[in-house]
Structures are given as C-alpha cells and as structure tokens.
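> heads up, no residue letters with this:
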C-alpha cells in the first residue's frame, strides 16, 4: 500500500511540474471564427476549380501525338487508295530456325526468369532487407 501511495505522489508531482512548464496560449473568439471559416470553406463544393492532375507538358505532348497520327492517316489515305493495292503481292520469307534452338532458348529464359524472381522475392525477407541495408 505504501508503494502505491509513493508512485501516486511521484506521478502527481510530475503532473504539476509538467503543467507549470507547458503554458498554452489563451485563445479568443477570432481563432474560433477562423477555424469555423476554414471548415465552411472546405465543405463548399470545389467542382468548378478542379484541375487536371496531369502536367501541362504531358497534355500538350498527347495532343501533339494525336495531331501527328491524324496527319499521317490523312497523308497515307490520300496517297494509297484501294485501287493502288489491288495488284500487289506480298511475299514474306520466314527465317529458318535450327532444330532444338527454341527448346534451348526456352530453357535458358526459364532459368534466368526463375533466378530473377527468386532474388526479387528474397529482397522482401529479413535476410534480403539486411543485405540491401548493408550494400545499398
């Protein structure tokens, strides 16, 4: 029982000391009015002032890309009509692949992708985080 009263006494002294050290400024009605004005302003609909989250340069480059694509379509459409493609024969020569090449390529890609995936997964383990912190 004596121990509890001693800790209560210490806590109360600490509380009084802390209250003496920290002085909060007294706030008047102006602060209250400013807070309520900000709350009202944030509650008002701001749909008219909504701006795009994309930067202007990105919008400009997209518009420029669309204009170039349309211009190319118009130029190709005017120069190449259906009558000019009527007698064209297209012959495509496919390259010859040696036997077993595709299997060796797939096996090599399989092991390399597996190794990269394992290393990527290792990065998120305790050991991987420690190694990243040490090396990077």
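Received the coordinates, thanks. The structure displayed is predicted, hence computed values, not measured ones.
> Point out where this protein drops to low pLDDT.
Scanning the chain for pLDDT under 70 picks out the ranges 1-3, 45-52, 80-88.
> hmm, 90 instead?
1-7, 18-33, 35-36, 38-58, 72-97, 99, 123-124, 128-136 (pLDDT under 90).
> Spell out the residue ranges of the helices in it.
2-21, 29-43, 56-79, 101-122, 126-135 (DSSP state H).
> Mean neighbour count and distance to residue 93 for the ones you listed - can I get that in CSV?
Bear in mind the C-beta positions are built from the backbone N, C-alpha and C, glycine included. Output for those, formatted as CSV (neighbours: other Cβ atoms under 10 Å; distance: least, Cβ to Cβ, whole Å):
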stretch, mean neighbour count, distance to residue 93
helix 2-21, 9, 87
helix 29-43, 9, 68
helix 56-79, 10, 25
helix 101-122, 10, 18
helix 126-135, 10, 48
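> got CSV for these, with distance to residue 91 too?
Listed next are those as CSV, based on distance: least, Cβ to Cβ, whole Å:
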stretch, distance to residue 91
helix 2-21, 90
helix 29-43, 68
helix 56-79, 22
helix 101-122, 24
helix 126-135, 53
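> So which of the ones you listed is nearest residue 95?
Closest approach to residue 95 among the helices of the chain (Cβ to Cβ): helix 101-122, 10.8 Å.
> Residue 89: which of the helices of the chain is closest?
Once those are compared by Cβ to Cβ, helix 56-79 is nearest, at 19.7 Å.
> from the chain's centre, how far out does that closest one sit?
Distance of helix 56-79 from the chain centroid (Cα atoms, centre = their mean, to the nearest Å) equals 28 Å.
> go on, stretch 119-129?
The answer for stretch 119-129 is 21 Å, by Cα atoms, centre = their mean.
> And for stretch 62-80?
For stretch 62-80, the distance to the chain centre is 33 Å (Cα atoms, centre = their mean).
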